[in-house]
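Peer 1: Just the structure for this:
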Amino acid sequence: MAIDLELPGWLSRIGVFDLETTGVDVTADRIVTAHVGVLDAKGREIAARSWLADPGIPIPEGAAAVHGISTEQARRDGRVAREVVTEVTESLRALFAQGVPVVAYNASYDFSLLTHECLRHGVRPLESPGPIIDPHVIDKAVDRYRKGKRTLEVVAEHYAVRLDGAHEAAADAIAAGRVAQAIARNFPLAASAQELHTQQIGWARTQAESLTEYFIRIGRLDAEDVLDGTWPVRTAESASD
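Peer 2: Have a look, this model is predicted:
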């Protein structure tokens, strides 16, 4: 892409966050691996922590095929789920307390599932977490008519961001942060991370409404069904694109 805008100052130090889990239901599925890190203005990771949890339930074969962690491995090498949930939540809380925006690709999935894990294990959830930067939502807003899928792998390739080991929490988190920075170099964004956070609430709702209409039109949803566009924390799982 030819445009090369100056990176906004609030994107020069960002948190990155990703979860790999037992499935896609934010209310019922569990954390298997997690990564929280910090990137500098050049996309280099300058701080990082990763976790492997024993989720306390079997990991379905389909999920294990995606992230590579089997039930046996998680039980053998993983830490107690409550400890992992606590430490991930506190790591994110510390970044937000410092005013560091946190990037998460399809953030409403990761932050919603983390919230339900907190409630499940008696851990204090994040209160109105933010500012959050979601390249999935932003990319669809700033480049609305681009054809093709918007998975992290596809979007990373579009912005010439290297992604080694897709569906590995650290790799996905770092790539998402670099994609956010790449978007900002190609499209003018808000003057602050908090302003962008607020914009994404509306964008996510509008995108869910549009996707609902499309899914109804092609018969993937019934006419009375509605996708949940609540962002960044929703309470129920909805279909995903």
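Peer 1: Which positions within stretch 142-162 qualify as buried?
Peer 2: Neighbour-count burial for stretch 142-162, with 16 or more other CB atoms under 10 Å as criterion, is recorded at 143, 150, 152, 155-156, 158-159, 161. Just so you know, the C-beta spots here come from the backbone N, C-alpha and C atoms, and that holds for glycine as well.
Peer 1: nearest to residue 225, of these?
Peer 2: Distance to residue 225 across the buried residues of stretch 142-162 (CB to CB) is lowest for residue 150, with 21.0 Å.
Peer 1: my read: that closest one touches residue 140, true?
Peer 2: Yes - in this structure, residue 150 is within contact of residue 140 by CB atoms under 8 Å, at 6.0 Å.
Peer 1: Which residue comes closest to residue 139 once chain neighbours are left out?
Peer 2: Residue nearest to residue 139 in three dimensions, not counting chain neighbours: residue 155, with 5.6 Å by CB to CB, 6 or more residues apart in numbering.
Peer 1: Residue 46 versus that neighbour, what's the distance?
Peer 2: Residue 155 sits at a distance of 23 Å from residue 46 (criterion: CB to CB, to the nearest Å).
Peer 1: just residue 8 next, same as before
Peer 2: 18 Å.
Peer 1: Looking at these two, which has the bigger crowd around it?
Peer 2: residue 8 (18 against 10; other CB atoms under 10 Å).
Peer 1: What residue, apart from its backbone neighbours, is nearest the more buried one spatially?
Peer 2: Nearest to residue 8 is residue 184, by CB to CB, 6+ apart, at 5.8 Å.
Peer 1: how about the longest helix belonging to the chain: buried residues?
Peer 2: The longest helix of the chain (DSSP state H) is helix 193-218. Neighbour-count burial for helix 193-218 flags 193, 196-197, 200-201, 203-205, 207-208, 211-212, 215-216 (criterion: 16+ other CB under 10 Å).
Peer 1: I'd like those laid out as a markdown table, including distance to residue 85.
Peer 2: Listed next are the buried residues of helix 193-218 as a markdown table, based on distance: CB to CB, whole Å:
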| residue | distance to residue 85 |
| --- | --- |
| 193 | 25 |
| 196 | 27 |
| 197 | 23 |
| 200 | 25 |
| 201 | 25 |
| 203 | 29 |
| 204 | 24 |
| 205 | 28 |
| 207 | 29 |
| 208 | 27 |
| 211 | 30 |
| 212 | 31 |
| 215 | 32 |
| 216 | 36 |
